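K.L.:
sequence first, predicted model second:
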Amino acid sequence: RGRREATAAYPGPARPPGGGSHGGVPGTGTASGGKPRRQLPHRDGTHTGRSPTARRREPPPWQHGRVRVVLVLRWFVVLALVAVAAVTVYPDVLGIIDDRFTDLSMRAYVAQAIAMRPLIFLGMAGLALVVLVGSLVSRVGARRSARDAWPGDEPRQSRGRATFVLGVGLALVAGAHGMILGLRGIDANATIAQGAGPGSPQAFTVLTYNTLGGAVTHDQIAEVMASRDVDVAVLPETNAGTAERVQQDLAAAGRSYRLHTDATSGLDHSAIAVLVAEELGGYSQTSGPETMLASIRLDPLDTQSGAPTIVAVHPIAPAIGQMQRWRDEAYTVTDVCRAVPSEATPRLVMAGDFNTTRDHSAMHDLGGCRDAASESGTGAVATWPTSFPKLAGAAIDHVLVDDAAWRVTASEVVDAGDSDHRGVIARLEAR
């Protein structure tokens, strides 16, 4: 009886006439003496010689609907994440879709975030790597569980594909950020050649350095200027007393400079100083662009010498409580460049702490000006804060020049003292 039940559960070929057995012939499904051989399922999931009740369970009808919903939601989330990541490359593109997003790069939180493009690049690249590794792990797991999956169990089979697409999207966004930084220049070790000697109205060296109210001392400023043969120094947050001592230090070293200062209050952060070498000739001082902190405009007395018009600026920082004023001042300052070339500002050189980067819309269109650092391979080197590496912060200090009048031959981002800013030096020649 037991043998008959086993034979019914595992049916095999019919016994030969006469009640004999197959004698354990391979592939017949029976062992010697007529005992049936138990057969295992094939890799493709078919079950030879097994009862129909032992086959793979089919999914219930409602399962197919859940499969479609999960699949759609998964791809929607992936595409949405890639789209949000892509917007970080150029936030102002949303203004094309809706006027409410115009100048998005100048709005609170976005302005602070986009200024740190190097960190966005590093974050996107790291996240892309993690997601792609996760995609590989998911695909390996999917292969191992494929024979246990229901037919058409698409979410389980597509999980690795969706993760892979997300990783590739993030990698492309990181690549776009990296390309922008590379085009601006990431040569953090660039240096200005020393020993060039005093300049002239046709060839000179410009320095802008926010000294943080004396955090860079007068002798440190003088050392930087003397070692690089600086002819024009724009020093935001430097009071008149410190600037005079810099002038004296340089005079002791054999260089004579004319000093121009201004301040809107008794606080150092509202002050600004400009030192101009005697070789460039005399200048008349007037007020620069209207900003809360002091600015200076210097016009050459000899208009035939070819000397530059110098504008020293320091708009306020984009603090959350004063975003509207920051936007107004950022546009007020860069409007000077958008008017170039102009008889009002012949041969313009504008320098200072702009508190904006090339990623803010106020600096997208510079008119006839060019950013000296970007023109010479150091435009993506961070000038703030000094607590970050040179390739991981924001480039908010600039030397902007009239492109039709001046050619940039070299630039350098320098550290001295304890300011939270780095200085920018640019060497210019007349075209």
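P.N.:
Ah, there it is.
K.L.:
the helices in this protein, which residues?
P.N.:
Taking DSSP state H as the criterion, the chain carries its helices at 2-9, 61-87, 94-97, 110-114, 117-144, 154-184, 218-227, 240-252, 323-338, 372-375.
K.L.:
got any ranges where the chain has weak pLDDT?
P.N.:
Low-confidence segments of the chain, defined by pLDDT under 70, span residues 1-67, 141-159.
K.L.:
quick one on the thing from earlier: so can I have JSON lines of the helices of the chain showing mean neighbour count and distance to residue 314?
P.N.:
Glycine gets a C-beta too; all of them are placed from N, C-alpha and C. Formatted as JSON lines, the helices of the chain follow (neighbours: other C-beta atoms under 10 Å; distance: least, C-beta to C-beta, whole Å):
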{"stretch": "helix 2-9", "mean neighbour count": "11", "distance to residue 314": "91"}
{"stretch": "helix 61-87", "mean neighbour count": "13", "distance to residue 314": "31"}
{"stretch": "helix 94-97", "mean neighbour count": "12", "distance to residue 314": "28"}
{"stretch": "helix 110-114", "mean neighbour count": "19", "distance to residue 314": "17"}
{"stretch": "helix 117-144", "mean neighbour count": "17", "distance to residue 314": "22"}
{"stretch": "helix 154-184", "mean neighbour count": "18", "distance to residue 314": "22"}
{"stretch": "helix 218-227", "mean neighbour count": "20", "distance to residue 314": "16"}
{"stretch": "helix 240-252", "mean neighbour count": "18", "distance to residue 314": "14"}
{"stretch": "helix 323-338", "mean neighbour count": "20", "distance to residue 314": "9"}
{"stretch": "helix 372-375", "mean neighbour count": "24", "distance to residue 314": "18"}
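K.L.:
redo those helices as a markdown table? Include distance to residue 430.
P.N.:
Formatted as a markdown table, the helices of the chain follow (distance: least, C-beta to C-beta, whole Å):
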| stretch | distance to residue 430 |
| --- | --- |
| helix 2-9 | 100 |
| helix 61-87 | 42 |
| helix 94-97 | 38 |
| helix 110-114 | 35 |
| helix 117-144 | 33 |
| helix 154-184 | 24 |
| helix 218-227 | 21 |
| helix 240-252 | 24 |
| helix 323-338 | 18 |
| helix 372-375 | 14 |
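K.L.:
ok, residue 92 - contacts?
P.N.:
101, 102, 103, 104, 105, 361, 364 (C-beta atoms under 8 Å, 6 or more residues apart in numbering).
K.L.:
now a PyMOL select for only the buried ones of those.
P.N.:
Selecting just the buried residues from the contacts of residue 92 in PyMOL takes one command, with 16 or more other C-beta atoms under 10 Å as the test:
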select buried, resi 101+103+104+105+361
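K.L.:
so which of the contacts of residue 92 comes closest to residue 348?
P.N.:
Nearest to residue 348 among the contacts of residue 92 is residue 364, at 18.5 Å by C-beta to C-beta.
K.L.:
could you find the closest non-adjacent residue to residue 377?
P.N.:
Nearest residue to residue 377 in three dimensions, chain neighbours excluded: residue 185, at 3.6 Å (C-beta to C-beta, 6 or more residues apart in numbering).
K.L.:
residue contacts, the one you found?
P.N.:
373, 374, 376, 377, 378, 379, 380, 381.
K.L.:
burial of the closest residue to the last one other than its chain neighbours, as a residue count?
P.N.:
Looking back up the chat, that one is residue 381. Distances taken as C-beta to C-beta, 6+ apart place residue 413 nearest to residue 381, at 4.5 Å, with adjacent residues excluded. For residue 413, the count of nearby residues is 22 (other C-beta atoms under 10 Å).
K.L.:
partners of residue 413 in the sheet?
P.N.:
Counting by DSSP bridges, residue 413 is bridged to residue 424.
K.L.:
for it, give its distance to residue 78.
P.N.:
Distance of residue 413 to residue 78, given as C-beta to C-beta, to the nearest Å: 39 Å.
K.L.:
what of residue 112?
P.N.:
28 Å.
K.L.:
before we move on, the earlier item: closest to residue 268 out of the helices of the chain?
P.N.:
helix 240-252 (8.3 Å).
K.L.:
please save the CA atoms from the closest one in PDB.
P.N.:
What follows is helix 240-252 as a C-alpha-only set of coordinates in PDB (Å, rounded to 0.1, in the frame of the first residue of the first chain):
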ATOM      1  CA  ALA A 240      42.500 104.700   8.400                       C
ATOM      2  CA  GLY A 241      45.000 104.100  11.300                       C
ATOM      3  CA  THR A 242      45.900 100.600  10.100                       C
ATOM      4  CA  ALA A 243      46.100 101.800   6.500                       C
ATOM      5  CA  GLU A 244      48.500 104.700   7.400                       C
ATOM      6  CA  ARG A 245      50.800 102.200   9.200                       C
ATOM      7  CA  VAL A 246      50.800 100.000   6.000                       C
ATOM      8  CA  GLN A 247      51.700 103.200   4.000                       C
ATOM      9  CA  GLN A 248      54.600 103.900   6.400                       C
ATOM     10  CA  ASP A 249      55.900 100.300   6.300                       C
ATOM     11  CA  LEU A 250      56.000 100.400   2.500                       C
ATOM     12  CA  ALA A 251      57.700 103.800   2.500                       C
ATOM     13  CA  ALA A 252      60.400 102.300   4.800                       C
END
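K.L.:
got the contact list for it?
P.N.:
211, 214, 217-219, 221-222, 225-226, 233, 235, 256-257, 259, 261, 263, 271, 273, 275.
K.L.:
make it 6 Å
P.N.:
Outside helix 240-252, the residues within contact range by C-beta atoms under 6 Å, 6 or more residues apart in numbering are 214, 218, 219, 221, 222, 257, 259, 261, 273.
K.L.:
do the same with stretch 293-300
P.N.:
Residues outside stretch 293-300 that contact it (C-beta under 6 Å, 6+ apart) are 260, 262-264, 270-272, 274, 281, 283-286, 288-289, 307, 309-314.
K.L.:
just the buried members of those?
P.N.:
Applying 16+ other C-beta under 10 Å to the contacts of stretch 293-300, the neighbour count classes 260, 262-263, 270-272, 274, 281, 283, 288-289, 307, 309-314 as buried.
K.L.:
thank you kindly, that will do.
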